[in-house]
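K.L.:
Have a look at this prediction, sequence included:
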Amino acid sequence: MLLRIILSENDIRKITIDNLPETIDDFCSILKIKLGLEGDLVIQYKDPEFDNELCNLSSMSELPLDRATLKVHTKSSESYHTDSTLDTASLSSSLEDSPSHTQTRQLPQPFDIPTFAFDVELKLKQGNEAFHRDGTLLDISKDMKSDILDKLAEAIYTHNPYPSREEYDDVAQALIKKHPCLKEPGSVCGWYCWKFSLKFKMGNFRQKLRVAGSSELRVNARASGSSKRLKRARKSEVNFLPDFPEGKAQDDLDTGRLAMVSEMKKRKVDWKQVGEMMSDTFALRRKEIVEDEPLVAQVKDRWPALFSERQIEAEFARLTSVDLKGCLFAGLDQHLTRFLELYRAKSGIEGLTRLLRSLDDNSSNHHKRTVLLLGLPHFLKEKSSGFFKTVEATDGEDTFTKGMKVGVVMVKDGGDIVDTVVVLEEAVILSDLKDIPRAMALLMGLLYSLNIDYPKELRYTFEVIQKVLMNIGGGQCSPLVHGLRNRLLRKTI
């Protein structure tokens, strides 16, 4: 089916979907992948029964047979409601005020080439006309090329300060597609030199912003050209390392931190006040965590509120503009049926067989979520024994946490699970959690908040949780995860 997608007044795209899914949710998933969108979508279609006025799409049967015009936009993150609403009330304004705030760490697909200076646009128009007439290529001056590269660098930076090799390819190809007169003579593809010029320009552009005071770029100044790893957003954080609020110095924010620590020591904590303090000191906290890379115990000592459930959710929202639990649980429910079908097709794997048998005794939606998460490492052929553990209530904490950098532990008493705990750096960080889905959601929140890498032995498991189930940064996946997502969207295995 041919679809004309209106994302904004200046962003209208044409895509083709061979086989339309049966449900709106599956349709949304396909659109997110093809358009590079994140979050919940609202889809409207031009209804011929009302003179092609827009109406919300409530059933796939409402779409015309061959082609349709749709308007698609994402719901605001403010529409989420959780028990941490008070803590995140001031989040949206603080994100908008931050110079480093962007809506995504991915470049849109296809990349929207910006409008250049008036004289450049005039030359490009004439050049494109000549190219379409007789194939003549435009002879561009040094100043004109510099103007084009400057504009492209600015447009790229608004999405990702550190684009990947594939993203540079996409931008160069989009430039040549829109302005074919800029093709390189003698080049097979016509855009290779543009790609390398653009990478060089982005380096210069980052240097200018680093000198101007950008926190995220300044922290990498010493790492550039050395063996040190760049401190960049790796999990599609949209507010990775913000600058201090205007008019605030480090001492001012540290005063707020000390007030928060004092409040947390009280017998009855004012969580609304703590939430405001945590929001106000977000920039200082990220500076410490990203630049100094402290141990979890040190962070807990300086920022005790960060390890409360409501502040884990609030911090995750500050970093990603996404509701932590709502995002994961919605993704689990969306893909639950298909995942279990895929698991049954691989039931020869011992771990999956045992988990699927447990559904005979408990087929509740909650238990299915648990089976999906526990079965994911088995399905992806990754080693989970050091991550998911089951221990007895009589076992000492030092015994089951030894050597455990990141993990979730289920505590049994008489055959029943009586507790679920989250472990980081050989210490129990969260306990008294009800179940595996909740524990995994909070663990994801902690890994983001503390800037901790995913366990290497569960690389694909966590990539699926982030990019498929939570749909954060899903536009760029490893081949294995991309293939899995395609299988999830098919009607049959």
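P.N.:
Everything's here; your move.
K.L.:
next SSE after the one helix or strand in the chain whose mean pLDDT sits lowest?
P.N.:
Using mean pLDDT, DSSP states H and E, helix 91-97 stands out as the lowest-scoring helix or strand of the chain, at a mean of 38. Later in the chain than helix 91-97, the nearest helix or strand by DSSP states H and E is helix 118-134.
K.L.:
Any buried residues in the helix or strand just after that following helix, and which?
P.N.:
Later in the chain than helix 118-134, the nearest helix or strand by DSSP H and E is helix 142-157. Judged by neighbour count (16 or more other CB atoms under 10 Å), helix 142-157 contains these buried residues: M144, D147, I148, L149, D150, K151, L152, A153, A155, I156, Y157. The way it works is simple: take the backbone N, C-alpha and C, and place the C-beta from them, glycine included.
K.L.:
contacting residues around V428?
P.N.:
V428 makes contacts with E397, T401, V409, V421, V422, as judged by CB atoms under 8 Å, 6 or more residues apart in numbering.
K.L.:
beta partners for it?
P.N.:
With DSSP bridges as the criterion, V428 is bridged to V423.
K.L.:
From D25, how far off is it?
P.N.:
Counting by CB to CB, to the nearest Å, the separation of V428 from D25 is 37 Å.
K.L.:
swap in N56?
P.N.:
Taking CB to CB, one finds N56 at 15 Å from D25.
K.L.:
low-confidence ranges in the stretch 201-350 of the chain?
P.N.:
Low-confidence segments of the stretch 201-350 of the chain, defined by pLDDT under 70: 213, 215-230.
K.L.:
What helices and strands are in contact with the helix or strand containing I176?
P.N.:
Per DSSP H and E: I176 is located in helix 165-178. When contacts are defined as 3 or more CB pairs under 8 Å, 6 or more residues apart in numbering; DSSP states H and E, helix 165-178 packs onto helix 142-157, helix 192-212.
K.L.:
So which of those helices is nearest K235?
P.N.:
Shortest distance between K235 and the helices and strands packed on helix 165-178, using CB to CB, is found for helix 142-157: 19.1 Å.
K.L.:
Measure how far that closest one is from the centre of its chain, please.
P.N.:
27 Å (CA atoms, centre = their mean, to the nearest Å).
K.L.:
do stretch 107-125 as well
P.N.:
28 Å.
K.L.:
what distance separates the start and the end of that stretch?
P.N.:
Start-to-end span of stretch 107-125 (CA to CA, to the nearest Å) is 25 Å.
K.L.:
quick one: average pLDDT of it?
P.N.:
Average pLDDT, stretch 107-125: 89.
K.L.:
So for stretch 177-191, mean pLDDT?
P.N.:
On average, stretch 177-191 scores 85.
K.L.:
who's in contact with it?
P.N.:
110, 113, 124, 127-128, 130-132, 136-138, 140, 148, 172-173, 175-176, 192-194.
K.L.:
wait, isn't L374 in contact with I436?
P.N.:
Yes: counting by CB atoms under 8 Å, I436 is a contact partner of L374 at 6.4 Å.
K.L.:
Format the helices and strands packed on helix 165-178 as a markdown table; extra columns: distance to D333.
P.N.:
Output for the helices and strands packed on helix 165-178, formatted as a markdown table (distance: least, CB to CB, whole Å):
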| stretch | distance to D333 |
| --- | --- |
| helix 142-157 | 35 |
| helix 192-212 | 40 |
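K.L.:
Which among those helices is found nearest to L253?
P.N.:
Once these are compared by CB to CB, helix 192-212 is nearest, at 20.8 Å.
K.L.:
what angle sits between that closest one and helix 142-157?
P.N.:
70 degrees (axes from the mean of the first three to the mean of the last three CA atoms, to 10 degrees).
K.L.:
how about helix 192-212: buried residues?
P.N.:
W194, K195, S197, L198, K201, M202, F205, R206, L209, R210.
K.L.:
same thing with stretch 160-169?
P.N.:
Applying 16+ other CB under 10 Å to stretch 160-169 flags N160, P161, Y162, P163, E167, Y168, D169 as buried.
K.L.:
How about stretch 128-144?
P.N.:
The neighbour-count check on stretch 128-144 (16+ other CB under 10 Å) flags N128, F131, L138, I140, M144 as buried.
K.L.:
Greatest separation within those: which pair is it?
P.N.:
F131 and M144 (15.7 Å).
K.L.:
Using CSV, write out the CA atom coordinates for the helix holding I176.
P.N.:
Taking C-alpha atoms only, helix 165-178 is exported to CSV below (Å, rounded to 0.1, in the frame of the first residue of the first chain):
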residue,chain,number,x,y,z
ARG,A,165,29.1,6.2,9.8
GLU,A,166,25.8,5.1,8.4
GLU,A,167,24.2,8.4,9.3
TYR,A,168,26.9,10.3,7.5
ASP,A,169,26.1,8.1,4.5
ASP,A,170,22.4,8.9,4.8
VAL,A,171,22.9,12.7,4.9
ALA,A,172,25.3,12.7,1.9
GLN,A,173,22.9,10.6,-0.1
ALA,A,174,19.9,12.8,0.9
LEU,A,175,21.9,15.9,-0.2
ILE,A,176,22.6,14.4,-3.7
LYS,A,177,19.0,13.2,-4.0
LYS,A,178,17.6,16.6,-3.4
